[in-house]
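Colleague: the following comprises the amino acid sequence and a computationally predicted model.
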Amino acid sequence: MKLVFLGPPGAGKGTIAARAREHYQIPHISTGDLFRTHIKEHTPLGSEVEAILGRGDLVPDAITVEMVRERLSADDAQRGFILDGFPRTIAQADALAQMARLDYVVNFVLDEEVIIARLSGRRVCKSTGRIYHILYDPPKVDGIDDESGEVLIQRDDDKPEAIHNRLLVYQRQTFPLIGYYRSMGLLVDIDAKGTPLEVFARLKAELGF
Ligand code: AP5
């Protein structure tokens, strides 16, 4: 199954993708995670995009499309995938159409107030990638990853000015994709309120298994 997860920052795409990856046995490909790995490993691409991610702006289409093209050509992506955070512009969607035939585009719908609460409380582990929330999904020991024992961090783009910018960028550049995919008959809207368990149950019901 070839899926795209679309929706505003903080809607829970990564959280639900972690469950969907296990359930559907397909890789979870997050462009945000790919960029953050480049930054962590100090690659040339990482240095090029670090400031862009920190501000909450979009990385240029040409760079992003090439990174995704390479990732989708790997063996594990041939049977299916969950693309999380790509495409984010009409140009990226046009490029993706040349690379793969999608089954569904899942659009996570959530109010801005809840989005801001989710993003401001998010904490992540740099090595395991596990996502927490200080109130809704805290680790067993405050500030420490359950698996690795490492200290959790707050993403630079989860600070207030960057959150504000990311929401504006989403409205201007990514929101138009809802109409783009709806007109192709690929869009499935999912109410992203409630617990991850509830949201994931809605997704399975919509996809039929
Ligand atoms: P990316 O990492 O993709 O960020 P994003 O789309 O803004 O999405 P987030 O990771 O912030 O949110 P999410 O929806 O996955 O929510 P999560 O599950 O973590 O991109 C980062 C940057 O990379 C971009 O700004 C851009 O610079 C660049 N980039 C990436 N893709 C690009 C592209 N295609 N083109 C150009 N540039 C690109 O959940 C959030 C919080 O809420 C967590 O704390 C979680 O625990 C909590 N939570 C989740 N679900 C629930 C729930 N149901 N109930 C309660 N709490 C919940």
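Modeller: Noted; the coordinates are in hand. All of these numbers come straight from a predicted model, not from anything done at the bench. Residues are numbered from 1 along each chain as shown.

Colleague: the residue of the chain found nearest the ligand is in what secondary structure piece?
Modeller: For the chain, the residue closest to the ligand is Gly32, as judged by C-beta to the nearest ligand atom, at 1.9 Å. All C-beta spots, glycine's among them, are computed from the backbone N, C-alpha and C. Here Gly32 is covered by helix 31-40, with elements defined by DSSP states H and E.

Colleague: residues in contact with that helix?
Modeller: 14, 45-47, 49-50, 53, 59, 64, 67-68, 71, 83-86, 88, 126, 129 (C-beta atoms under 8 Å, 6 or more residues apart in numbering).

Colleague: around the ligand, pick out the residues from the chain.
Modeller: 9-15, 30-32, 35, 52-53, 56-59, 64, 85-88, 92, 118-119, 121-122, 131-133, 136-137, 157, 166, 194-196, 199 (C-beta under 6 Å from any ligand atom).

Colleague: tell me the buried residues in the helix holding Gly32?
Modeller: For helix 31-40, a neighbour-count test (16 or more other C-beta atoms under 10 Å) marks 31-36, 38-39 as buried.

Colleague: what's the pLDDT at the residue of the chain closest to the ligand?
Modeller: At Gly32, the pLDDT value in this model is 96.

Colleague: how close does it get to His42?
Modeller: 18 Å (C-beta to C-beta, to the nearest Å).

Colleague: likewise for Gly179?
Modeller: 39 Å.

Colleague: ok, Phe35 next?
Modeller: To His42, Phe35 is 13 Å away according to C-beta to C-beta.

Colleague: helix or strand for Lys204, which one?
Modeller: Judged by DSSP H and E, Lys204 forms part of helix 196-207.

Colleague: residues of that helix that come out buried?
Modeller: Within helix 196-207, the residues that count as buried by 16+ other C-beta under 10 Å are 196, 199-200, 202-203, 207.
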